[in-house]
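Participant: I need the structure of the sequence given here:
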Amino acid sequence: MNRKVTGLILGAACAATMLTAPPAEAKSTLKMATLAPKHSPWGKVFTAWTKAVKKKSNGSLKIQWLWNGTAGPESGAVGKVKSGQLAGAALTAIGMSKVYKPVLGLQMPGVFNSWAELDKARDSMKGDLEKGIREGGFEILGWGDTGVGHVMSRGFAVVHPSDLKGKTPAQSRDDIITPKLYAAIGGVTPKVGTMGEILPNLQNGQVNVIMSSALAAEQLQWASRLTHINDAGIAYGVGALMISQRSLNALEADERALMISSGGKAAKVLNGLIRKADGQSYKRLTGRLKVHKQTAAEKAEWKVVFKKACQRVKTSIPGNILSRIGAC
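Facilitator: Numbers count the residues shown, from 1 in each chain. Coordinates of the predicted model:
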């Protein structure tokens, strides 16, 4: 797969720049952060992109990845980009919101029923979102996805929203949506922490519910600690490859063109790959975990909670993105 992905990325890079100098030592090294493991689908595409950039720049431009959250949680990684310690990062919407908060609205639970619906909404406001990111000192090289979120649990099924009462779901410290969702349900005490803390907390019993894509649950080894999954997709996870304007503008013109073109191509390749891989992961999980198939009546119950949560989130997300996507 790496060879195929590298070829696709190189094809786009060829159209952007013609560098004919002999191979040389890297003049520019761009340090990029990601929560993804190196051998995950994300890691494979990022590795292929790195090789493509090195080849097309004849070795003058190098991308160096900090894998598996070694740069810290996304909020920390964004802070390091802003301070100049990193050039950029592959971020989920939570990380992107540290630059421009309205991006989070795309992940409001209960809004979309398919990737096509998400694509339509994101495309309709992409200009505004990218403008906000740019004003925050970043550029989006390409948008991406992280998978369809499902409720998964250990030792019990989550059928109704009330089934979360008295339970301890994992919650990202930087997430502003799920706390409002749990408040709308009432009686939920989440375990707040980083992505890296979820696995040990599942292992020691401090967490018994997660809301995650099947792909993330597999890649981050959470799935082995779970017993149940609800088949309803509650949210569609989004993200992007982002780089600071300072780092981009510090490059030579041909290197800058190469990063923009090849980064966009890498994101496009990754997008299709992640959606397919997430579907395959979901199929594997539903073959191993106990699956609850949500009924129309249950869906209506969740919809009420999602609307209540949306009203609470409105005060935390500036602008009108929630209204524009029909969330509340």
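Participant: Find the nearest non-adjacent residue to residue 103, please.
Facilitator: Among residues not flanking residue 103 along the chain, residue 96 sits closest, at 4.4 Å (C-beta to C-beta, 6 or more residues apart in numbering). All C-beta spots, glycine's among them, are computed from the backbone N, C-alpha and C.
Participant: Hmm, the one you found is touching residue 174, no?
Facilitator: No. Using C-beta atoms under 8 Å as the test, residue 96 is too far from residue 174 to be in contact (10.7 Å).
Participant: With neighbour numbers in mind, choose between those two.
Facilitator: residue 96 (29 against 19; other C-beta atoms under 10 Å).
Participant: Can you tell me how far the more buried one is from residue 306?
Facilitator: Distance, residue 96 to residue 306, by C-beta to C-beta, to the nearest Å: 21 Å.
Participant: got it, and residue 180?
Facilitator: From residue 180 to residue 306 the distance is 10 Å (C-beta to C-beta).
Participant: Same check on residue 43?
Facilitator: Counting by C-beta to C-beta, the gap from residue 43 to residue 306 is 33 Å.
Participant: and what of residue 173?
Facilitator: Counting by C-beta to C-beta, the gap from residue 173 to residue 306 is 22 Å.
Participant: Those two: who's more crowded?
Facilitator: Comparing residue 173 with residue 306 by other C-beta under 10 Å, the one with more neighbours is residue 306, at 20 against 13.
Participant: so the more buried one is in which element?
Facilitator: In this structure, residue 306 sits in helix 296-313 according to DSSP states H and E.
Participant: The protein: helices as residue ranges?
Facilitator: Using DSSP state H, the helices found in the chain span residues 2-16, 41-56, 74-83, 93-96, 115-135, 178-185, 198-203, 214-219, 245-249, 253-288, 296-313, 321-324.
Participant: so which of those helices gets nearest residue 30?
Facilitator: Between residue 30 and these, the tightest spacing by C-beta to C-beta is seen for helix 245-249, at 6.1 Å.
Participant: And the closest one, what's buried?
Facilitator: Neighbour counts over helix 245-249 (16 or more other C-beta atoms under 10 Å) mark 247-248 as buried.
Participant: Determine the set of other helices and strands touching that helix.
Facilitator: strand 138-153, helix 253-288 (3 or more C-beta pairs under 8 Å, 6 or more residues apart in numbering; DSSP states H and E).
Participant: Just say which of the ones you listed is most tucked in.
Facilitator: Stretch with highest mean neighbour count among the helices and strands packed on helix 245-249: strand 138-153 (a mean of 24; mean count of other C-beta atoms under 10 Å).
Participant: Check which helices and strands that strand sits against.
Facilitator: Using 3+ C-beta pairs under 8 Å, 6+ apart: strand 138-153 touches strand 88-92, helix 115-135, strand 209-213, helix 214-219, strand 228-230, strand 235-244, helix 245-249, helix 253-288.
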